[in-house]
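A.B. asks: have a look at this prediction, sequence included:
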Amino acid sequence: MAKVFDLSLILFVLCLSTTASISMARKLEESTEDIEFVRTSCEAASYPDLCFQSLSSYASEIKKRPRQLTETALAVSLDRARSAKVYISELTDYKGITKRQHGAVSDCAEEMGDTVDRLNKSLKELKHLGEEGQSDQDFWFCLSNVQTWTSAALTDENTCLDGFGGKAMEGELKSSVKTHIVRVAQETSNALALINEFGSKH
């Protein structure tokens, strides 16, 4: 009797182990496919390596859904812009800052505020794309808004850097601002490229 019980227990454990192994293998396969989807999609981005670096960690949330990919790209760009805005706003107290530099930093902080506002509008509008019952006309209207606001945000970021032109502005302050703004601009450019790619497949 004990032997029969032991055999049943062994078979039960083996069954559980096999089921768990199959489940893990399935999840691993899905995870690999999700990551590969992000990698392939990022080939359409302006900066493919940065795109994959920024979005691959969200692959399990994106799950091979193009619209979710574009939403995530915009959200990443928005978060980056918010951080840059805070950082640049604090540079008005930079030690030894000149009057001209102070003006450039203040203008840049304002431009980044506009960037945050426009990317936020883009993200909200993007969430309406493809809603049930939405006509093609509604889809293209929403997509056009998203493209316009995201493109305008990219212009704001470039305008910020324009304020630091000329040899008189060279130095640690400009370098620090440029590092932050360039990263935001690259993320925004990637988001816009993915939005355009999404629209082209509708």
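C.D. replies: Happy to help now that I have it.
A.B. asks: next up, the contacts around Ala122.
C.D. replies: No, residue 122 isn't Ala; it's Ser. Applying C-beta atoms under 8 Å, 6 or more residues apart in numbering to Ser122 gives the contacts 74, 145-146, 149-150, 153, 195. Quick note: C-beta positions are derived from backbone N, CA and C, even for glycine.
A.B. asks: go again with 7 Å.
C.D. replies: If you count contacts by C-beta atoms under 7 Å, 6 or more residues apart in numbering, Ser122 has them with 74, 146, 149-150.
A.B. asks: next SSE after the lowest-mean-pLDDT helix or strand in the chain?
C.D. replies: When the helices and strands of the chain are scored by mean pLDDT, DSSP states H and E, helix 2-41 comes last with a mean of 64. Counting by DSSP states H and E, the next helix or strand C-terminal to helix 2-41 is helix 48-55.
A.B. asks: so which elements touch that next one?
C.D. replies: For helix 48-55, the packing partners by 3 or more C-beta pairs under 7 Å, 6 or more residues apart in numbering; DSSP states H and E come out as helix 2-41, helix 66-90, helix 172-200.
A.B. asks: the contacts of Ser122 in helices, which ones?
C.D. replies: 74, 146, 149-150 (DSSP state H).
A.B. asks: of all those residues, which two lie farthest apart?
C.D. replies: Leu74 and Trp149 (9.8 Å; C-beta to C-beta).
A.B. asks: more neighbours: those two, which one.
C.D. replies: Using other C-beta atoms under 10 Å as the criterion, Leu74 and Trp149 rank with Leu74 on top: 29 against 23.
A.B. asks: got a list of what Cys142 touches?
C.D. replies: By C-beta under 7 Å, 6+ apart, Cys142 lies in contact with 125, 128-129.
A.B. asks: so it is in which element?
C.D. replies: Going by DSSP H and E, Cys142 is in helix 136-162.
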